[in-house]
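> Here you go, sequence then predicted model.
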Amino acid sequence: MRAKLVAGNWKMYGSLAANLTLLTRIKDGASGRRCVLAVCVPFPYLAQARSALAGSSVAWGGQNVAEHAQGAFTGEVSGEMLAEFGCRYVLVGHSERRALYGESDRTVAAKFVQAQRAGLTPILCLGETLAERDGGITAAVVTRQLGAVIDATGVASLSRAVLAYEPVWAIGTGKTASPQQAQDVHALIRARVAESDAAVASELQILYGGSVKPGNARELFAMPDIDGGLIGGASLVAEDFLAICAAA
Ligand code: PGA
């Protein structure tokens with residue numbers, strides 16, 4: 001049985017004062033729960049996340065990582081640096097990075113490799129835009145995005161990674177994929193991995209992301225190939241995030 005994981009993506013939100021309240025509530029609310037919880041916070045707050053969450057069951061991580069190990073790359077943050085701050089996870093290839101910062105499939109694959117080299121578990125985000133869904137190419141898009149990583153580093157690397165299917169049209173829009181729509185893509189992703197390695201596919205955690213809320217989480221997480229969620233907006237409200245964890 002695959003364990004459920006609920007990971008928060010804070011995006012570019014937070015302040016030292018607000019984070020302290022949020023992290024304390026999450027930490028207190030998480031104790032004794034079976035699902036694994038994680039928060040992916042902005043870089044400047046990693047030290048705060050570490051001191052607030054150390055010794056708890058809640059993991060933390062970054063939202064991006066450099067595609068190089070080190071060097072003259074002004075403004076970039078390496079996998080080793082994230083590891084030094086105790087990160088377990090890092091988001092790779094979030095659709096906002098792909099769309100707003102021009103990250104190609106190749107760049108995303110290089111980031112995935114660097115994350116694993118530093119001992120982090122990448123949460124690799126995949127997903128189609130509305131135009132791509134309407135054009136009937138959802139399967140082709142997610143297969144291409146996933147294929148770039150498999151080509152770069154091999155299918156076995158997925159045994160040390162998490163995938164997140166996030167339809168771009170559902171992110172921050174209040175429009176969730178229906179449980180069946182999400183399940184269909186999750187099953188397709190798992191089948192694609194199984195073509196190369198059935199054992200890796202059956203152990204692979206595939207999260208759903210895109211307007212997950214306490215009100216829709218239970219139905220989504222009940223689907224056979226949905227192993228938890230990547231939560232944006234609702235991860236900034238402790239009660240909502242914990243309710244989503246309870247649903248998992
Ligand atoms: P959302 O964001 O839950 O606010 O839709 C999800 C994400 O971007 O990871």
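It's in.
> Residue of this structure closest to the ligand, please.
Proximity of the chain to the ligand (CB to the nearest ligand atom) peaks at G232, 2.2 Å away. Any C-beta I mention is one placed from the backbone N, CA and C, and that applies to glycine too.
> Confirm for me that that residue is in contact with A170.
No: under the criterion of CB atoms under 8 Å, G232 makes no contact with A170, lying 10.2 Å away.
> Quick check: neighbours shared by those two?
For the pair G232 and A170, residues contacting each of them under the criterion CB atoms under 8 Å, 6 or more residues apart in numbering are G209.
> Strands of the chain, start to end?
Assigned by DSSP state E, the chain shows strands spanning 5-9, 36-40, 58-62, 89-92, 121-126, 162-165, 206-209, 228-231.
> Return the most buried member of those strands.
strand 228-231 (a mean of 30; mean count of other CB atoms under 10 Å).
> Partner strands of that strand and their direction?
Using DSSP bridges, strand 228-231 pairs in its sheet with strand 5-9 (parallel), strand 206-209 (parallel).
> okay if I get the ones you listed as CSV plus mean pLDDT and distance to L236?
As requested, the strands paired with strand 228-231 are arranged in CSV below (pLDDT from 0 to 100; distance: least, CB to CB, whole Å):
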stretch, mean pLDDT, distance to L236
strand 5-9, 98, 8
strand 206-209, 98, 14
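> Provide a list of residues in contact with V113.
By CB under 8 Å, 6+ apart, V113 lies in contact with 152-153, 157.
> before we move on, back to that, how about the contacts made by the residue of the chain closest to the ligand?
Neighbour list for G232: 8-9, 11, 171-172, 209 [criterion: CB under 8 Å, 6+ apart].
> can those go into CSV with extra columns for distance to M1?
Below are the contacts of G232 laid out as CSV (distance: CB to CB, whole Å):
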residue, distance to M1
G8, 23
N9, 25
K11, 31
I171, 28
G172, 31
G209, 22
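> filter these down to the ones close to the ligand.
Among these, proximity to the ligand is found for 9, 171-172, 209 (CB under 6 Å from any ligand atom).
> which one of these is nearest H94?
N9 (7.2 Å; CB to CB).
> List the residues that contact the closest one.
40, 63, 91, 94, 209, 230-232, 235.
> please redo it, this time with the cut-off set to 10 Å
N9 sits next to 38-41, 61, 63, 91, 94, 96, 123, 125, 164, 166, 171, 209, 230-233, 235-236 when contact means CB atoms under 10 Å, 6 or more residues apart in numbering.
> end-to-end on stretch 200-213?
Length of stretch 200-213, first residue to last, CA to CA, to the nearest Å: 29 Å.
> Tell me the buried residues in that stretch?
200-201, 204-213 (16 or more other CB atoms under 10 Å).
> near the ligand, which residues of this protein?
By CB under 6 Å from any ligand atom, the residues of the chain that approach the ligand are 9, 166, 171-172, 209-212, 230-234.
> Mind doing that once more with 8 Å?
Residues of the chain lying close to the ligand by CB under 8 Å from any ligand atom are 9, 11, 91, 94-96, 125, 164, 166, 170-173, 209-213, 230-235.
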